[in-house]
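In: Sharing a sequence plus its predicted fold:
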Amino acid sequence: MREHMIVVDLGYGDAGKGTVVDWLCAQGPVQAVVRFNGGAQAAHNVVLPDGRHHTFAQFGSGTLRGVPTHLSRFMVVDPLALASEATHLAGLGVPDPFGLLTVDRDALIATPYHAAAGRARELARGADRHGSCGMGIGATMAYALDHPGLGPTVGDCENPALLTRKLYALRETLGVAGPPVEDCVAAYRAFAERVILVDSSFTRALLRGHPVVFEGAQGVLLDEWHGFHPYTTWSTTTFANALALLDGVPAVRLGVLRTFTPRHGPGPLVTEDPELGGSEVHNTTGPWQGSFRAGHFDAVAHRYALAVAGGADALALTHLDAPVSRMCVSYDIGELPVGTAGDLDGQDRLTRRVLQARPRYADGVDDWPAAVADVLGVPVWLGSAGPTAADKARLSGAITLERV
Amino acid sequence: MGSGIWSTDVYAAAANYRAAKGTSAFAYSDSGARAVHDDLNPYGVAARESRDSAEHPATVAVAVLFDVTGSMGGVPRTLQTKLPDLLGLLLRKGYAADPQILFGAIGDATCDRAPLQIGQFESDNRMDEDLGKVLLEGGGGGQKSESYELAMYFMARHTTLDCFEKRGRRGYLFIIGDELPYPKVKRREVGKVIGDGLGRDVTTKEIVAELTRKYDVYYILPAGASYAGDRQVLTAWRELLGQNVLELDDLDAVCETIALTVGLGEDAISLDEGLSDLDDLGSPAGTAVGKALARLDRGTLVVTEGLDLGGDSGVVRL
């Protein structure tokens, strides 16, 4: 692997970004894994051939191979969850997990106050829940947007006086309880003393070394602007943030898909089939986000995701070992149009149409890589037939980069 | 998508961070970092500045760059522990009124991840933080050359010194290493590492001539490095820097050697006075320092008087 790679899920998440990133990190020296969206709610499962397993939330999925992680300015960092994740990694034999980490000072932090506010809001929605993960990511973004300059950042953790003022204001504005501000400040200070904090120009230095893998979180169909509103996440889930960090440096845009289409929690899943999916060892029903659901491979939804993301250079297709042979090739309502970013009313109307849509299926699919490449018009570069890197194989030759 | 499976308990988090082993003086390198720290990256830097201020009205710029490639063995690590003493030593004995110190590291632009790392001139112990951010490279090829010329290019063209511009006093530049510079500052490497567009390669001789107008430049070859005592290395550097090439037997004496060199250059002391200062301070470094600096003890300044910007190198070849 000689090019920088951006790994993005072209569905609703859960397609296997973690295992793909782990495989990429096993192919040769990787400078770092960079996270560029979402926060601690990510859950990327990696299983090593020796059976060790970790659910990556903020650490990059190359950590078990010793690859450093950089949390970019687009991340919502949760230093508290980071500490318990590091403890688990240390238990798996990673010598100094914090030493493998650099964090951009400009990244926002999610605090227990944000989490409390997010949960209160989701509870108030009752049956109309949006499928929040209960980590306060949405509340963090909302507060930072509503109160410019007042959202606590990673850099504030180095400045206890400023951080204290911001946390008191935050707790009061959100009207929530939670642990005493001083205790939070103490934990955030310990975080800032232990983890290397850097400025945004750090990314530029990273890109001059070995290839960098940009690990996306969630999926394009959950994108804040182009997902099926309101069942979306508070983050840009396309290649856009990674491309902004790359600032013109070329990279391969790798889309990840399963041979069937899963989703967590409420919202459209046109091809849903309760018979599908079977048992998912690592994808269980979360207390906040709702149940794990599965549907047949939805080419229409994935074509929409590709259009939203501006295309991809190659695909990684996981779950080639799953006993599935049915593919949705069209909807009765036709293709899904890409709306204007920011037009949430338009997205809301789209969601209502999608909820009514009926899938048209093709049956008897056996060569999944060929079939997927055919319906999406993007070559399938990597195939996966099991949980570990050893279960993956390159299916096509070098990727041709579309140089803009 | 996930569900946040990792605990966000604030007390457990604080305890976990504190329990994790503390950051060492070489935090950055030991952390598994593989790229130059932002703060030390020379790329796109217009100039590192040594400036006077109300608090420090008569600054003297002192830059210390050391080779961090594999041939240096454990030397860079020892330097990282010793160099923080330098400021105190300069101040305690009044060798320089307002020293401003910059630390940097030299690698090999032909193969290293960190061919050049350059901190800031600082008047207080903030330069120690730069020291902690130095990535110890440990690479370098087997060609007995490292990119010293690239470092000298940066110092010549990308530093601004008030001591020089306002008072016509050169700063001090110490290069600690054990190999040869490449014969040319290569246009391509300058573009890649520093970001300058050069029309052509510049010979190392030319860059030394430019550099020595602004700095008294010293090369220190320490014991413990692969090429300690190497005649070829010493001869090559003496051709470039004349008598300002020092051999140092005892690495523990590096700060004393630098401090006394500055003291001699500033005409604050003679070598004997300096060595007796070291005794007063309880430093055991006297013998090593005396031996290293014997060549410099002429009781007078080694450098030419005043400024001669149009002329050649400022080094007087005795």
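Out: Yes, it's here. Bear in mind the structure is a predicted one, so any value in this text is a computation, not a measurement. Numbers count the residues shown, from 1 in each chain, chains lettered A, B, ... in the order given.

In: three-state assignment of the residue in the stretch 51-200 of chain B that chain A sits nearest to?
Out: The minimum distance from the stretch 51-200 of chain B to chain A, using CB to the nearest CB, falls at B:Arg113 (5.7 Å). For glycine as for every other residue, the C-beta is placed from the backbone atoms N, C-alpha and C. The three-state assignment at B:Arg113 reads coil, by DSSP: H, G, I helix; E, B strand; the rest coil.

In: Likewise for B:Thr81?
Out: B:Thr81 ends up helix, using three-state DSSP.

In: Show me which residues of the stretch 51-200 of chain A are close to chain B?
Out: A:55, A:57, A:66, A:68, A:78-88, A:96, A:98-100, A:102, A:112, A:115, A:133-135, A:179, A:183-184, A:186-187, A:190-191, A:193-194, A:196, A:198-199 (CB under 8 Å from any CB of the partner chain).

In: now, which of those residues lie within strands?
Out: If you go by DSSP state E, these have A:55, A:102, A:196, A:198 in strands.

In: Tell me the bridge partners for the last one.
Out: Legend: beta-bridge partners of A:Val198 under DSSP bridges are A:Asp104.

In: So what's the residue count around B:Gly44?
Out: Residues lying near B:Gly44 (other CB atoms under 10 Å in any protein chain shown) number 10.

In: From what I see, it and B:Gly195 are in contact.
Out: Yes - contact criterion CB atoms under 8 Å: B:Gly44 and B:Gly195 qualify, at 4.6 Å.

In: and the nearest residue to B:Ala58 once chain neighbours are set aside, how many neighbours?
Out: In this structure, B:Ala58 finds its nearest non-sequential neighbour in B:Ala97, 4.6 Å apart by CB to CB, 6 or more residues apart in numbering or on different chains. Neighbourhood size, B:Ala97 [other CB under 10 Å]: 15.

In: Likewise for B:His158?
Out: Neighbour tally, B:His158, other CB under 10 Å: 17.

In: quick one: contacts for the closest residue to it other than its chain neighbours?
Out: In space, and not counting its chain neighbours, B:His158 is closest to B:Ala47: 5.2 Å by CB to CB, 6+ apart. B:Ala47 sits next to B:158-160 when contact means CB atoms under 8 Å, 6 or more residues apart in numbering or on different chains.

In: Around chain A, which positions in the stretch 51-200 of chain B sit nearby?
Out: Residues of the stretch 51-200 of chain B lying near chain A (CB under 8 Å from any CB): B:Arg113.

In: Identify the residues contacting residue 166.
Out: Just so you know, I chose chain A. The contact partners of A:Lys166, by CB under 8 Å, 6+ apart, come to A:150-152, A:156.

In: nope, chain B
Out: B:Asp52.

In: heading toward the C-terminus, what's the first helix or strand past the helix or strand containing B:Met155?
Out: Element membership of B:Met155, judged by DSSP states H and E, is helix B:148-157. Per DSSP H and E, the first helix or strand lying C-terminal to helix B:148-157 is strand B:159-161.

In: Could you list the paired strands of that next one along with their orientation?
Out: strand B:48-50 (parallel).

In: what packs against the helix or strand just after the partner strand?
Out: Where DSSP H and E defines the elements, the next helix or strand beyond strand B:48-50 is strand B:59-67. Helices and strands touching strand B:59-67, as assessed by 3 or more CB pairs under 8 Å, 6 or more residues apart in numbering or on different chains; DSSP states H and E, comprise helix B:75-82, helix B:86-92, strand B:98-106, helix B:148-157, strand B:159-161, helix B:162-165, strand B:171-176, helix B:254-265.

In: can you give me the mean pLDDT across the last one?
Out: This means helix B:254-265. The average pLDDT for helix B:254-265 rounds to 89.

In: after that helix comes which helix or strand?
Out: helix B:271-280.

In: re the thing from before, of the contacts of A:Lys166, just say which sits nearest to A:Ala301.
Out: Closest to A:Ala301 out of those is A:Gly151 (32.9 Å), distances taken as CB to CB.

In: So the closest one belongs to a helix, correct?
Out: No - looking at A:Gly151 with three-state DSSP, it is coil, so not inside a helix.

In: Tabulate the CA atom coordinates of stretch A:63-83 in CSV.
Out: Written as CSV, here are the backbone C-alpha positions of stretch A:63-83 (Å, rounded to 0.1, in the frame of the first residue of the first chain):
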residue,chain,number,x,y,z
THR,A,63,-3.8,0.1,17.3
LEU,A,64,-3.3,-3.7,17.9
ARG,A,65,-0.7,-3.5,15.2
GLY,A,66,1.1,-0.7,16.9
VAL,A,67,-0.1,2.0,14.5
PRO,A,68,-0.5,5.4,16.1
THR,A,69,-3.9,7.2,16.1
HIS,A,70,-4.5,10.9,15.5
LEU,A,71,-7.8,12.4,16.5
SER,A,72,-8.3,15.3,14.1
ARG,A,73,-10.1,18.5,14.7
PHE,A,74,-13.3,17.0,13.2
MET,A,75,-13.6,14.5,16.1
VAL,A,76,-15.7,14.9,19.2
VAL,A,77,-13.3,13.6,21.8
ASP,A,78,-14.4,12.0,25.0
PRO,A,79,-11.3,11.9,27.3
LEU,A,80,-13.2,9.8,29.9
ALA,A,81,-14.2,7.0,27.5
LEU,A,82,-10.7,7.2,26.0
ALA,A,83,-9.2,6.3,29.4
